[in-house]
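Trainee: show me how the following folds:
(2 chains)
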There are 2 protein chains.
Amino acid sequence: MPDLARLSLNTVTVRDQWTLAQCIEGCARHGIRWIEPWRDKIAEYGLANAAQHLRDAGLSVSAVCRGGLFTTGDYQAVLEDNRRAIDEAAALGAKSLVIVAGGLPAGSRDLPAARRVVAGALAELTPYARAAGVTLALEPLHPMTCADRCVISTIAQALAFAQSLGTEVWLALDVYHIWWDPALESSIAAAAGRIAAFHVCDWLVPTRDTVFDRGMMGDGVIDIPRIRDLVESAGYTGTIGVEILSHDWWKRDPDEVLRIATERFSTAV
Amino acid sequence: MPDLARLSLNTVTVRDQWTLAQCIEGCARHGIRWIEPWRDKIAEYGLANAAQHLRDAGLSVSAVCRGGLFTTGDYQAVLEDNRRAIDEAAALGAKSLVIVAGGLPAGSRDLPAARRVVAGALAELTPYARAAGVTLALEPLHPMTCADRCVISTIAQALAFAQSLGTEVWLALDVYHIWWDPALESSIAAAAGRIAAFHVCDWLVPTRDTVFDRGMMGDGVIDIPRIRDLVESAGYTGTIGVEILSHDWWKRDPDEVLRIATERFSTAV
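Mentor: Now for the predicted structure:
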């Protein structure tokens, strides 16, 4: 039997097939003890229902996905929505809220300005996160998403943000976003003590979509065990989230997806 | 009239429409004085024919595209092909040969090993390049091409390679590949005196293909004038190549492409 004790199901992996209730039951069936729900699934189920079902199933929440997106829409409304996200993480007993910074505002080419907005928003949220006992897990996203999703592109950059913002801001590291980084070793080592979450999936060749063509672990070219070693050498002992955004995997039978994910967790991670 | 003195037409911009002979005539019609031919177009025309036509047209070659691809195929054959590329650059009076390192070898997940192959190949080629009077312009490519095209992803990484390899290895900087880099300012400043080529195009939102969906300058989100300022502040005074790999632009009338490119060169670069 594979050791599944650290596997966390990120619900986006079966986004199109299952509700949160079905994800919770699915985890129980497949021996998975951790879950990372996305907020749309929580909203659909209702926060109280979700919390009750998770307790009943004995499932723990490693993180809530996701807050952030600070650079688009009405800034005060976005901050308020992030406070609600922190509340949800706290209500579900999640250790952290994954933060995706946001891309360039519509019509803007000013990356430095967008990054300043992100820094300001995080600074405004940290007291609220501290009071709620929730860690903000700032996730550097692959540079190919810089324009439309996340202006924080490298571990080193995210770490500089986190270190300037106090002890509430840590990092979420996903092999998909960081594997290419020439400074991978030194950056992960520098992030020791600040890693709040670790995610796995794989990079497919060819990659046909800049967001929704991630691969199952083992189907691509990322040396996942090497990156896991680096993350664990930096002291990380937490959960390992399986987060696969993929139009292909979203068409598969979700129990088959979980069966393969748990199998690959022991052979390719 | 726009000042076209520094514009260089990279022939891939009209790859599907024009032969090299047609590119040369097109540059003459549009007042463009520099050209960056790709090797397949040179081979198709014949090196001697190309050299003669360029001389007759009074057109100068800023760079030949491209050498490299060290990590795939038979290593000795690849090195030999790169020596031919250096010969071609010398025969056409090009100041530099653009080098795209190559991606992961088929079946490999070992990025550090692939990077060592690139370093070894460049070290083997530098004496030959020196003797030919050709600068090797190592181009960091966007991280989304790391698996299948180029394991050199950032300016800082390329610069470290170049500095370890002597005075024959410089950098080629393309806004498309570097615009997202959080270390952009410091990296370009550090590359002062090593910048052999500067390329422009634009990043489209959405980007539908990881290689062939580049935009015309001004149609995307890159702050091209800011990056040009950084490059020129680092002492670069050379040509500015227009290099647009795009299934869309390859369907357009090539004279229209050159008309728009020259116009945008003065309004968006």
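
Trainee: helices of the stretch 151-269 of chain A, start to end?
Mentor: Per DSSP state H, counting those that start in this stretch, the stretch 151-269 of chain A carries helices over the ranges A:155-164, A:175-178, A:184-190, A:224-233, A:254-267.

Trainee: in the first one, what's buried?
Mentor: Looking back up the chat, that one is helix A:155-164. Under the neighbour-count criterion of 16 or more other C-beta atoms under 10 Å in any protein chain shown, helix A:155-164 has A:155-159, A:161-162 buried. The C-beta positions use only the backbone N, C-alpha and C, and glycine is treated the same way.

Trainee: out of those, which are close to chain B?
Mentor: Filtering the buried residues of helix A:155-164 for neighbours of chain B using C-beta under 8 Å from any C-beta of the partner chain leaves A:156-157.

Trainee: kindly report the residues of the stretch 151-269 of chain A close to chain B.
Mentor: Within reach of chain B by C-beta under 8 Å from any C-beta, the stretch 151-269 of chain A has these residues: A:152-154, A:156-157, A:179-183, A:203, A:205-207, A:210, A:220-223.

Trainee: so which residue is dead centre in chain A?
Mentor: In chain A, the C-alpha nearest the mean C-alpha coordinate belongs to A:Val98, at 5.2 Å (C-alpha atoms, centre = their mean).

Trainee: then that residue would be within a strand, right?
Mentor: Yes: per DSSP: H, G, I helix; E, B strand; the rest coil, A:Val98 lies within a strand segment.

Trainee: is it true that A:Ala234 touches A:Glu185?
Mentor: No: shown here, A:Ala234 and A:Glu185 do not form a contact pair, counting by C-beta atoms under 8 Å, at 9.9 Å.

Trainee: neighbour-wise, which of these two wins?
Mentor: Comparing A:Ala234 with A:Glu185 by other C-beta atoms under 10 Å in any protein chain shown, the one with more neighbours is A:Ala234, at 18 against 15.

Trainee: which residues touch the more buried one?
Mentor: Taking C-beta atoms under 8 Å, 6 or more residues apart in numbering or on different chains as the criterion, A:Ala234 is in contact with A:188-189, A:191-193, A:195.

Trainee: kindly report the same for A:Ala190.
Mentor: Taking C-beta under 8 Å, 6+ apart as the test, what A:Ala190 contacts is A:155-156, A:159.

Trainee: so which of those would you say is closest to chain B?
Mentor: Of all the contacts of A:Ala190, chain B sits closest to A:Ala156, with 7.5 Å by C-beta to the nearest C-beta.

Trainee: was I right to think the closest one contacts A:Glu185?
Mentor: No: contact between A:Ala156 and A:Glu185 fails when scored by C-beta under 8 Å: they sit 11.6 Å apart.

Trainee: for A:Gly120, the count of nearby residues, please.
Mentor: Residues contacting A:Gly120 under the criterion other C-beta under 10 Å number 13.

Trainee: does it lie in a helix or a strand, and which?
Mentor: According to DSSP states H and E, A:Gly120 maps onto helix A:111-132.

Trainee: in that helix, which residues are buried?
Mentor: For helix A:111-132, the neighbour count (16+ other C-beta under 10 Å) marks A:111, A:114-115, A:117-119, A:121-122, A:125-126, A:128-129, A:132 as buried.

Trainee: cool, and stretch A:35-49?
Mentor: For stretch A:35-49, the neighbour count (16+ other C-beta under 10 Å) marks A:35-39, A:41-42, A:45 as buried.

Trainee: tabulate those (TSV), appending distance to A:Val14.
Mentor: Output for the buried residues of stretch A:35-49, formatted as TSV (distance: C-beta to C-beta, whole Å):
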residue	distance to A:Val14
A:Ile35	11
A:Glu36	12
A:Pro37	11
A:Trp38	11
A:Arg39	16
A:Lys41	10
A:Ile42	15
A:Tyr45	14
